[in-house]
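Visitor: Below are the sequence and a predicted model for it; my questions follow.
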Amino acid sequence: MSTATAAIKAKQRPGDRVFSGSAVFAGSMILVTLAAVALFLIVQSLPALVATTEEASILPTNFWAYVGPLIFGTIWAAALALLMAVPVSIGIALFISHYAPRRLASMLGYIVDLLAAVPSVVFGLWGIGVLAPAVQPAYTWLVDNLGWFPLFAGPVSGTGRTILTAAIVLAVMVLPIMTAISREVFLQTPVLHEEAALALGATRWEMIRTAVLPFGRSGIISAAVLGLGRALGETMAVAMVLSATGAVTLELLTSVNPSTIAANIALSFPEAYGMNVNVLIATGLILFIVTFAVNAFARWIVSRRKEFSGAN
C-alpha cells in the first residue's frame, strides 16, 4: 500500500469506513449466497444423477430421460413468450418515449410499472378463467384452416390450456420489465443525435431507426434477457394454465403439451419422498445452469454490440 493511499485511509471519517465496509460486505454476500445455493443444489443432485427407477419411482428410465422433456418445455415456452413480448415491449416503449403526449406517456408508464407488481397467481387465474376460453375458438379456426402447418396441427385442445396459452401469459408477465428498461434506454438517446437526424430530413420513424434503436440495442438485449430469465423460472402461472403431459412436441394447440421445470417441481414436490426429492432438486440444478448459460450468452452479445450503445 502506498503512502498516499495509507494517508487517505487514515483521514477517512468513521462514517466513510462504515459505509465502505457495509458495501463490501453486501457485495460479498451476493457471491456467498450464490455459492451456497449452487453447493446445495450440487450436493443434493448427485445421488439423483445416477438413480434408477427402483430408487426413484418418478423416473421413467433414468434422470436424463426425465429431465429432457422438461428442459425442452421450459425453453420452448420461454422462447414463444419472448417472441411475442419483445416486439410489443419495444413498440410500447417507443410510443411512450417518442410519440405519446407527456401526460399520456406519464400515465402509460405508471400503468406499465404497476403491471410488474401483479402476483403471478393472478395472471394464472386470468389465464384459466379468461384467456383460455377466449382463445379456444381461435385455436379451432387455426387447426381447421392452417392444420397443414406443423405448429398448428390438431386435434385442437377443448380447454384452450395449451403451451401457446401459457406462453401468452408469460409474455404478458414479462412485458412490464422489458418495456420499462427499453423505455429508459430510449429516453437516454442523446438529443443531438435525434435533432441531427431530423435536421437532415429524416422522418420521425427514420430518426428512431437510425438514432434511437442503434443507441438502445444493448439495452433491448438486456431487457430481453431479464424477461427471458423470468419466463424460464416462472412457476405458478404456468402450473395453473398449462395442461401438461410431459411430451416433447412443437404443436401449439393440442392437449398434449410439454411441461416446464419450475412448474413440474411445484406440482410434484408435495407428493415427493426419498430419492424423488433429490430428482426434483436435480431438475432445479439444470434450470440453474440453463439460466446462467442464457445470461452468459446475453453478456457476450452485449459485449460484442457495445459499440452501438452510448456507454462509450
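Guide: Structure received. Numbering: from 1, shown residues only.
Visitor: got the CA positions of stretch 171-186 in PDB?
Guide: Only the C-alpha atoms of stretch 171-186 are listed here, as PDB (Å, rounded to 0.1, in the frame of the first residue of the first chain):
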ATOM      1  CA  ALA A 171     -45.400 -12.800 -22.400                       C
ATOM      2  CA  VAL A 172     -47.800 -10.500 -20.500                       C
ATOM      3  CA  MET A 173     -45.900 -11.200 -17.300                       C
ATOM      4  CA  VAL A 174     -42.500 -10.200 -18.700                       C
ATOM      5  CA  LEU A 175     -43.900  -7.300 -20.700                       C
ATOM      6  CA  PRO A 176     -43.700  -4.700 -17.900                       C
ATOM      7  CA  ILE A 177     -40.000  -5.200 -17.000                       C
ATOM      8  CA  MET A 178     -38.900  -5.300 -20.700                       C
ATOM      9  CA  THR A 179     -41.000  -2.200 -21.500                       C
ATOM     10  CA  ALA A 180     -39.700  -0.200 -18.500                       C
ATOM     11  CA  ILE A 181     -36.000  -1.000 -19.300                       C
ATOM     12  CA  SER A 182     -36.400  -0.300 -23.100                       C
ATOM     13  CA  ARG A 183     -38.200   3.000 -22.300                       C
ATOM     14  CA  GLU A 184     -35.500   4.200 -20.000                       C
ATOM     15  CA  VAL A 185     -32.800   3.300 -22.600                       C
ATOM     16  CA  PHE A 186     -34.600   5.100 -25.400                       C
END
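Visitor: Which of the three states applies to the residue nearest the centre of the chain?
Guide: The geometric centre of the chain, computed from its C-alpha atoms, lies nearest to Leu228 (CA atoms, centre = their mean), at 2.3 Å. Using DSSP: H, G, I helix; E, B strand; the rest coil, the structure places Leu228 in helix.
Visitor: measure it to Ala171 for me?
Guide: Computed as CB to CB, to the nearest Å, the Leu228 to Ala171 distance reads 11 Å. To be clear about C-beta, it is placed using only N, CA and C from the backbone, and glycine gets the same treatment.
Visitor: what do you get for Phe288?
Guide: From Phe288 to Ala171 the distance is 23 Å (CB to CB).
Visitor: Please apply the same query to Leu253.
Guide: Using CB to CB, Leu253 is found at 16 Å from Ala171.
Visitor: Looking at these two, which is more packed in?
Guide: Leu253 (26 against 22; other CB atoms under 10 Å).
Visitor: surely that one meets Gly154?
Guide: Yes - with contact defined as CB atoms under 8 Å, Leu253 reaches Gly154; the gap is 7.1 Å.
Visitor: hmm, back to that, shared neighbours, Leu228 and Ala171?
Guide: Leu82 (CB atoms under 8 Å, 6 or more residues apart in numbering).
Visitor: pLDDT wise, what is Ile8 at?
Guide: pLDDT, Ile8: 53.
Visitor: do the same with Thr33
Guide: On pLDDT, Thr33 comes in at 90.
Visitor: check which helix or strand covers it.
Guide: helix 14-49 (DSSP states H and E).
Visitor: Packing partners of that helix?
Guide: Counting contacts by 3 or more CB pairs under 8 Å, 6 or more residues apart in numbering; DSSP states H and E, helix 14-49 is packed against helix 275-305.
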